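Novice: With the input below, show me the fold.
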Amino acid sequence: MATLAVEGYSGLLRATARADKEQKKATRKILEQAGESVRRDAQSFFSPINSRTAAGFKTRVRVREIVVGQSLRKTTGKHPEYGRHQMRVLVRARTLHEDEMMRDLERAFDQVADHFNKLP
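Specialist: Numbering: from 1, shown residues only. I've put the predicted structure just below:
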């Protein structure tokens, strides 16, 4: 699996856990948006091949990572190279949006830092 490692991501989510409910929601939304551009591109790249598979790409925010992946289950297993093809599309989309994702993550870091700096 191809990953984009970000130093301090786990610490960001731990710090967010101490924030109020609105702050948690806002930070998760920014993190989800970081993966959303990758999901949209992967969908557009894959939709000419199979629109159902393209619609199955979803973005999830987890404690250790932001995941853009396939949410649909394998149907027949008759095409073993199909998963590899999906990964190539996802990696291509991620590569196109690395800079944008890093800006979104920096914005999330700044938002959490601003929230904690405002506390009395």
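
Novice: give me the element R60 is part of.
Specialist: Following DSSP states H and E, one finds R60 within strand 57-61.

Novice: Equivalent analysis for V91, please.
Specialist: Counting by DSSP H and E, the element that carries V91 is helix 82-96.

Novice: List the buried residues for that helix?
Specialist: By 16 or more other Cβ atoms under 10 Å, the buried positions in helix 82-96 come out as Y82, Q86, V89, L90, A93, R94. Just so you know, the C-beta spots here come from the backbone N, C-alpha and C atoms, and that holds for glycine as well.

Novice: just stretch 28-35 next, same as before
Specialist: Residues of stretch 28-35 classed as buried by neighbour count (16+ other Cβ under 10 Å): I30, L31, Q33, A34, G35.

Novice: residues in contact with it?
Specialist: Residues from elsewhere that reach stretch 28-35 (Cβ atoms under 8 Å, 6 or more residues apart in numbering): 16, 59-61, 66-68, 100-101, 104-105, 107-108, 111.

Novice: For the helix of greatest length in the chain, what is the distance to the chain centroid?
Specialist: In the chain, with assignment by DSSP state H, the single longest helix is helix 21-46. Remark: helix 21-46 is offset 6 Å from the chain centroid, using Cα atoms, centre = their mean, to the nearest Å.

Novice: relative orientation of it and helix 82-96 in degrees?
Specialist: Put simply, helix 21-46 runs at 120 degrees to helix 82-96, going by axes from the mean of the first three to the mean of the last three Cα atoms, to 10 degrees.

Novice: List the buried residues in the next helix or strand after helix 21-46.
Specialist: Moving toward the C-terminus from helix 21-46, the next helix or strand (DSSP H and E) is helix 51-55. Within helix 51-55, the residues that count as buried by 16+ other Cβ under 10 Å are T53, A54.
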